[in-house]
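*Asks:* coords please:
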Amino acid sequence: MIVFPNCKINLGLHITNKRPDGFHDLETVFYPLPVCDALEAITHHSLQFESSGITVPGNANDNLCLKAFHLLQQDFPQVQPLNIHLHKHIPIGAGLGGGSADAAFMLQLINQKFQLGLTEAALVDYAAQLGSDCPFFIINKPCFATGRGEIMTPITLDLSGYSFLLVHPGIHVNTGWAFKQLTPKVPAYALRDMIQLPVAEWKNRMTNDFEGPVFEAHPALAKIKEQLYAAGAVYATMSGSGSALLGIFPKNKIADILWDVSYRVFTIR
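*Replies:* Here you go, the predicted model:
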């Protein structure tokens, strides 16, 4: 069985409170985009995991796909060992949620393959045990998110009339460092209302709190955002704590931009 975990972007991102447990409360809008990994699993006599494509850092035994497998196997003994192959295409450490998507899609794959009968709500609960962004990829529709990102309300937001340019310059932004740069505060506007405005009105209204400190530390990211606007984007933003930048353009009107050869650029028409 093979599935294709997709990425997400953040449209608006505010850090509103630091919690007693050390995490932060936030509010954001998650929006799925079709830049995908490939995740394949077949039954096997022993549990195996391998990856290709972009190198996945760290110990393979700590991969979220394996954690998702063990999470379900401990509750459902009918889940048999799998030979799992992950082909990484979504940039890592870019604020696009690729690892979280892989974990959530692994849960769904196992649920379907072994006919566990888990509901969407049950899968969301399992996904929340794997990471704050993971539950979104179970729903995988535009959502207004609060809490650590795991409290989600689906919203009506159709951007199919636009084209997207996603730019990842390969800069790594440490998420823990990024959070330490911020002072949580209640935003000046209600994001749930702002997201319903025409996209052309988002510029200078809908913001990502991380952009200030991250752009100061990495001026190249601020330059990418400027280039996106100069090329005709109606809205441009950094996703999550970075370092991927997104430009939203009128449909099929993405201008040719000469990017640094080291950048990974994805065009979504």
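*Asks:* hey, where'd the helices end up in the protein?
*Replies:* Here the chain has its helices, by DSSP state H, at 64-73, 98-113, 120-128, 134-139, 175-180, 191-194, 211-217, 219-230.
*Asks:* which outside residues touch the shortest one?
*Replies:* So that's helix 191-194. Helix 191-194 is contacted from outside by G12, H14, E27, T28, V29, F144, I155, W202, R205, M206, using Cβ atoms under 8 Å, 6 or more residues apart in numbering. Bear in mind the C-beta positions are built from the backbone N, C-alpha and C, glycine included.
*Asks:* still on that earlier bit, out of the helices of the chain, which gets nearest to I2?
*Replies:* Between I2 and the helices of the chain, the shortest gap by Cβ to Cβ is with helix 98-113, which sits at 8.5 Å.
*Asks:* In strands, which of the contacts of helix 191-194 appear?
*Replies:* G12, H14, E27, T28, V29, F144 (DSSP state E).
*Asks:* burial count for V261?
*Replies:* V261: 5 surrounding residues under other Cβ atoms under 10 Å.
*Asks:* repeat for V167
*Replies:* 24.
*Asks:* Excluding sequence neighbours, find me the nearest residue to A233.
*Replies:* G247 (3.6 Å; Cβ to Cβ, 6 or more residues apart in numbering).
*Asks:* how close does the one you found get to E201?
*Replies:* 16 Å (Cβ to Cβ, to the nearest Å).
*Asks:* which of the two has more neighbours?
*Replies:* For G247 and E201, the more surrounded residue by other Cβ under 10 Å is G247, and the numbers stand at 25 against 12.
*Asks:* need the contact list for that one.
*Replies:* F164, L165, V167, L228, Y229, A231, A233, Y235, A236, I254.
*Asks:* Just the buried residues out of those, in PyMOL syntax.
*Replies:* A single PyMOL command is used to select the members of these judged buried by 16 or more other Cβ atoms under 10 Å:
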select buried, resi 164+165+167+228+231+233+235+236+254
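*Asks:* related to what we said a few turns ago, how close does the residue nearest to A233 sit to T267?
*Replies:* 10 Å.
*Asks:* which neighbours do the two share?
*Replies:* Joint contacts of G247 and T267 (Cβ under 8 Å, 6+ apart) are F164, L165, I254.
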